[in-house]
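1. Only the shape, not the letters, is given here:
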């Protein structure tokens with residue numbers, strides 16, 4: 001029997017990879033799928049194993065959780081397991097958003113891991129105020145230059161920027177659906193300023209200007225939210241705005257099917273609130289050939305020239321852009337082609353894997 005001599009890397013996340021899709025888990029799964037030079041250890045939920053990770057390379061480490069949601073007991077398990085496994089690995093790759101629990105975690109981390117090198121990929125920062133009380137876990141990576149600058153200012157030292165990745169084989173270019181009633185897809189979380197209410201108000205502007213479409217909101221909840229009440233509020237807002245053909249979906253939505261059947265993605269948050277600097281759904285839409293109307297936030301700089309930018313909170317302008325996109329087939333086609341090319345050139349697997357492989361080589365010397 002030949003022993004596997006590849007370096008062992010712990011993918012440290014706040015919960016199991018099969019506990020629901022998010023910026024952290026999406027990035028961690030992309031690493032496990034894309035970097036063949038190392039052997040990963042990653043968290044899974046127990047009991048049960050979701051189909052999304054059944055064939056994921058590496059060794060799964062179970063965390064006790066029936067639904068996989070990273071509530072406090074699950075996060076504590078992940079931290080304890082991470083500390084125990086760190087000394088048996090050659091490298092720790094933490095993939096963690098900087099939220100309210102990160103500052104105390106970062107202050108004790110260095111005392112627990114010993115000399116094992118650490119790489120920390122920061123998908124997003126929920127509140128810049130958290131940075132003043134945080135300490136770097138090790139070498140740091142951001143998804144955008146905006147967040148990298150915030151981290152450098154907060155004392156995180158040299159911060160690299162590695163853009164996220166979309167597997168183009170999983171998200172093929174698809175033709176525009178043939179329908180007399182286009183579908184506008186809205187994604188995001190149930191957060192104030194997260195874009196759902198703004199999207200409904202913008203869609204109402206487009207409808208009053210003569211655009212005809214279905215509106216579909218596919219939103220994720222966060223632990224502790226009353227999802228049913230939040231969904232009812234959105235349905236009521238759509239009804240008040242005269243948007244009769246509105247559907248509100250929850251967790252577990254089939255994003256492949258939703259994007260294939262949609263004409264446009266509308267993502268217009270006022271602030272990201274901890275979501276990944278470049279939300280994966282936006283990249284998946286562009287890869288599929290779906291134009292995107294996107295808030296003009298600094299984290300989205302890498303998508304400039306590829307999407308229709310809208311000032312955050314400017315529902316009048318956003319609605320006019322949406323109507324323009326729905327009513328002008330040539331504009332739709334040009335943006336669809338440009339989006340696919342952008343994803344191929346800037347967010348492909350080869351670039352992503354090469355950049356992280358170089359970082360691993362530097363840290364494992």
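-> Right, received. Where do you want to start? No experiment lies behind these values; they were computed from the predicted model shown.

2. lowest-confidence helix or strand of the protein?
-> None of the helices or strands of the chain scores lower by mean pLDDT, DSSP states H and E than helix 102-113, at a mean of 87.

3. now it, how far from the centre of its chain.
-> Put simply, helix 102-113 sits 25 Å off its chain's centre (C-alpha atoms, centre = their mean, to the nearest Å).

4. now for the very next helix or strand once past that helix, which elements pack on it?
-> Sequence order places strand 118-122 as the next helix or strand after helix 102-113, per DSSP states H and E. Under the contact criterion of 3 or more C-beta pairs under 8 Å, 6 or more residues apart in numbering; DSSP states H and E, strand 118-122 touches strand 91-95, strand 139-142, helix 349-364. C-beta: built from backbone N, CA, C; applies to glycine.

5. and strand 118-122, which strands flank it?
-> Next to strand 118-122 in the sheet, as set by DSSP bridges, lie strand 91-95 (parallel), strand 139-142 (parallel).

6. to the chain's geometric centre, what's the distance from stretch 100-108?
-> 22 Å.

7. quick one: buried residues of that stretch?
-> Buried residues in stretch 100-108, counting neighbours by 16 or more other C-beta atoms under 10 Å, are found at 101, 102, 103, 105, 106.

8. now stretch 76-93
-> Buried residues in stretch 76-93 (16+ other C-beta under 10 Å): 77-79, 81-83, 85-86, 89-93.

9. Over to stretch 65-76?
-> Residues of stretch 65-76 classed as buried: 65, 68, 69, 70, 74, 75 (neighbour count, 16+ other C-beta under 10 Å).

10. got it, and stretch 42-49?
-> Neighbour-count burial for stretch 42-49, counted by 16+ other C-beta under 10 Å, picks out 42, 43, 44, 45.

11. Can you tell me what sits against it?
-> Stretch 42-49 is contacted from outside by 10-11, 13, 15-19, 28, 32, 50, 53, 56, 58-68, 78, 81, using C-beta atoms under 8 Å, 6 or more residues apart in numbering.

12. And those, which of them are buried?
-> Buried members of the contacts of stretch 42-49, counted by 16+ other C-beta under 10 Å: 10-11, 13, 15-19, 28, 32, 53, 56, 58, 60-61, 63, 65, 68, 78, 81.
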